[in-house]
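Asks: Requesting a structural model of the entry that follows:
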Amino acid sequence: MKRALIYFALGTVLSFLINYLFIDGEHIDLEIYYAIAFGLAWGMAYFLDNSKFSLVQKMGSSFGVMALLVAIGAVIFNLELAIPSILKFSTVFVAYYLIASFRGSKSLRN
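Replies: Next comes the predicted model:
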C-alpha cells in the first residue's frame with residue numbers, strides 16, 4: 001500500500017510538472033485534476049498488481065475509479081473536460097499491464 005501511494009504521488013507530481021511547464025499553464029486546476037487521474041492510474045495499477053486480485057476485480061476497480069473521475073470532473077468542471085481524465089487513466093492503467101505482460105511473472109512488482 002505504501003508503494004502504491006508513492007506511485008500515486010510521483011505520477012501526480014511528474015504529470016503535473018510536465019503538463020504545466022511544457023504544455024499548458026493557464027488552467028492550473030484542470031492540470032491538477034488530470035495529474036491526479038494520471039497518478040491514480042499508476043497507484044491503482046501497482047496496488048492491483050497482485051495475484052490475490054482476479055481479473056474481474058482489477059477491471060471492476062478500474063471502471064469504478066473511472067466513473068468516480070468522471071463524476072468528480074463533471075461536478076467541478078463539466079463533462080467535456082472530465083472525459084480526458086478517464087482517457088489518461090485508462091491509457092496508463094493498460095500500459096502498466098501491457099508492460100507487465102512481457103515479464104515472465106506477468107507482474108512489475110517482482
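Asks: contacting residues for the residue lying closest to residue 24 once chain neighbours are set aside?
Replies: In space, and not counting its chain neighbours, residue 24 is closest to residue 31: 6.7 Å by C-beta to C-beta, 6 or more residues apart in numbering. To be clear about C-beta, it is placed using only N, CA and C from the backbone, and glycine gets the same treatment. The contact partners of residue 31, by C-beta atoms under 8 Å, 6 or more residues apart in numbering, come to 16, 19, 20, 24, 25.
Asks: With residue 86 instead?
Replies: Neighbours of residue 86 in contact, by C-beta under 8 Å, 6+ apart: 37, 66, 69, 70.
Asks: Likewise for residue 76?
Replies: Per C-beta under 8 Å, 6+ apart, neighbours of residue 76: 29, 33.
Asks: same thing but at 7 Å, please
Replies: residue 33 (C-beta atoms under 7 Å, 6 or more residues apart in numbering).
Asks: Distance of it relative to residue 30?
Replies: With distances taken as C-beta to C-beta, to the nearest Å, residue 76 is found 9 Å from residue 30.
Asks: does the most centrally placed residue in the chain belong to a helix or a strand, and which?
Replies: Centroid-nearest residue in the chain: residue 41, 1.7 Å away (criterion: C-alpha atoms, centre = their mean). Taking DSSP states H and E as the criterion, the element that holds residue 41 is helix 28-48.
Asks: Going by neighbour count, which residues of whichever helix or strand comes after that helix are buried?
Replies: The C-terminal neighbour of helix 28-48 among helices and strands, as given by DSSP H and E, is helix 55-76. By 16 or more other C-beta atoms under 10 Å, the buried positions in helix 55-76 come out as 58, 61, 62, 65, 66, 69, 70, 73.
Asks: Just the pLDDT at the last one, thanks.
Replies: With respect to pLDDT, residue 73 scores 93.
Asks: does it really touch residue 33, like I thought?
Replies: Yes: contact criterion C-beta atoms under 7 Å: residue 73 and residue 33 qualify, at 6.3 Å.
Asks: residues shared between the contacts of those two?
Replies: residue 85.
Asks: Now do the contacts for residue 99.
Replies: Residue 99 touches residue 108, counting by C-beta under 7 Å, 6+ apart.
Asks: thought residue 107 was touching residue 101?
Replies: No: here residue 107 does not reach residue 101: they are 9.6 Å apart, not a contact under C-beta under 7 Å.
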